[in-house]
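Visitor: Quick one: sequence and predicted model below, then my questions.
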Amino acid sequence: MARILTTHPLHPRASAMLAGASELVVASALDPATLAAEAKNADIVIVRAPLPSQLFEGATKLRAAIRHGAGLDMIPMEAAFAAGVLVANVPAVNARSVAEHVMFAALALLRRFRVVDRDLRAKGWLAGREHANSNRELAGKTIGIVGLGAVGQAVGHIAAHGFDLKVVATTRSMQPAPEKVGFLSIDALVEQSDIIVLCCPLTPETRGLINRERIARMKPDALLVNVSRGPVVDDDALIDALQKRRIGGAALDVFSTQPLPPDHPYFGFDNVIITPHMAGITEESMMRMGLGAAGEALLVLANKLPVNLRNPEVVDHYRRRFPASL
């Protein structure tokens with residue numbers, strides 16, 4: 001029977017989907033040495049944690065690395081290519097979950113939820129209520145979306161149609177804009193937006209995209225929401241801006257170092273909301289991602305290519321390794 005190694009437990013429906021076709025094993029730990037050792041006899045790896053490059057060197061049976069989600073930065077693509085391993089993902093299935101989180105975070109910042117809740121509990125009713133005097137509404141503001149993939153489009157749709165926000169966006173492709181979305185350059189976007197939402201993938205071009213210069217262009221009460229990847233933001237520049245009250249606040253779900261150290265400066269700001277890389281995680285999205293990853297795994301085990309193959313250039317090498325897949 002085929003062996004599937006998954007870095008994390010799957011949704012029960014996904015596990016049941018794989019039960020008759022494979023032995024499903026959950027990694028005992030997520031450090032590089034353990035993952036590499038436990039993948040040696042695996043036919044497929046389902047990925048929710050960074051894979052080490054050495055995993056691909058020793059896993060001679062490995063057919064595919066399947067991302068439980070969309071982002072491919074957890075999979076070393078060059079190592080997969082060298083080993084002749086297929087890479088697939090499950091795009092768009094958590095876009096609504098992330099988009100809802102973006103609106104929740106923006107509302108929590110505008111309504112000063114952290115300090116209201118803290119002072120209400122510690123100091124009483126009137127102390128909590130006093131913060132309402134400086135609360136702000138969403139309606140009528142401009143939301144700028146950096147990256148207009150599935151998540152960015154979902155954010156734009158909810159913002160425009162649900163909250164009456166003006167929506168602007170910047171994207172590499174500058175494809176025809178969805179309804180009620182206008183395109184701007186990245187610099188114009190950070191200058192004009194009241195809420196800036198980072199939805200872009202981490203690439204050499206987006207690393208450090210929100211740097212000291214661009215933060216200086218932001219409105220003094222602008223909010224930054226990051227649901228992309230931590231390194232898209234220059235942490236030192238953002239911390240400096242928050243300390244100087246140069247911007248209105250931030251909601252951060254992703255970080256350059258994860259888990260975020262408990263003594264990190266971000267925890268010290270009342271106008272910063274910290275969440276542990278959970279924007280796309282809900283009961284519903286976990287089921288969709290799990291079923292999607294399981295479906296791709298079953299296709300590979302049936303000697304077919306995944307629907308969402310992300311490295312088609314590896315197919316010839318892969319077929320030389322597994323002639324039955326021809």
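Guide: Alright, I've got the coordinates.
Visitor: list the helices and strands the helix or strand harbouring I46 packs on?
Guide: In the assignment (DSSP states H and E), I46 maps to strand 44-47. Here strand 44-47 touches strand 2-6, strand 64-67, helix 283-301, going by 3 or more Cβ pairs under 8 Å, 6 or more residues apart in numbering; DSSP states H and E. (Glycine included, C-beta is placed from N, CA and C.)
Visitor: would TSV of those with mean neighbour count be doable?
Guide: As requested, the helices and strands packed on strand 44-47 are exported to TSV (neighbours: other Cβ atoms under 10 Å):
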stretch	mean neighbour count
strand 2-6	22
strand 64-67	28
helix 283-301	21
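Visitor: how about the strands of the stretch 1-150 of the chain, start to end?
Guide: 2-6, 22-26, 44-47, 64-67, 86-88, 142-146 (DSSP state E, counting those that start in this stretch).
Visitor: Residues in contact with the fourth one: which ones?
Guide: Identification of contacts with strand 64-67 by Cβ atoms under 8 Å, 6 or more residues apart in numbering yields 43-47, 51, 74-75, 80, 85-90, 293, 296-297, 300, 306.
Visitor: quick check: mean pLDDT across stretch 225-235?
Guide: Per-residue pLDDT values across stretch 225-235 average out to 97.
Visitor: Check which residues of it are buried.
Guide: 225-235 (16 or more other Cβ atoms under 10 Å).
Visitor: So which of those residues is the closest to D194?
Guide: V225 (11.3 Å; Cβ to Cβ).
Visitor: Just confirm that closest one is within a helix.
Guide: No. Assessed with DSSP: H, G, I helix; E, B strand; the rest coil, V225 is strand; it does not lie in a helix.
Visitor: That one and G248 touch, don't they?
Guide: No. In this structure, V225 is not within contact of G248 by Cβ atoms under 8 Å, at 11.4 Å.
Visitor: what about stretch 39-53, distance to the chain center?
Guide: Distance of stretch 39-53 from its chain centroid, counting by Cα atoms, centre = their mean, to the nearest Å, is 19 Å.
Visitor: Chain neighbours aside, what residue packs nearest to the residue most central in space within the chain?
Guide: Centroid check for the chain by Cα atoms, centre = their mean gives S228 as the closest residue, at 4.8 Å. Once flanking residues are discounted, S228 sits nearest to L198: 4.3 Å by Cβ to Cβ, 6 or more residues apart in numbering.
Visitor: circling back to that earlier point, now the buried residues of stretch 225-235 as TSV including distance to S28 and secondary structure?
Guide: What follows is the buried residues of stretch 225-235, written out as TSV (distance: Cβ to Cβ, whole Å; DSSP: H, G, I helix; E, B strand; the rest coil):
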residue	distance to S28	secondary structure
V225	35	strand
N226	32	strand
V227	30	coil
S228	30	coil
R229	27	coil
G230	27	helix
P231	29	helix
V232	32	helix
V233	33	strand
D234	36	coil
D235	32	helix
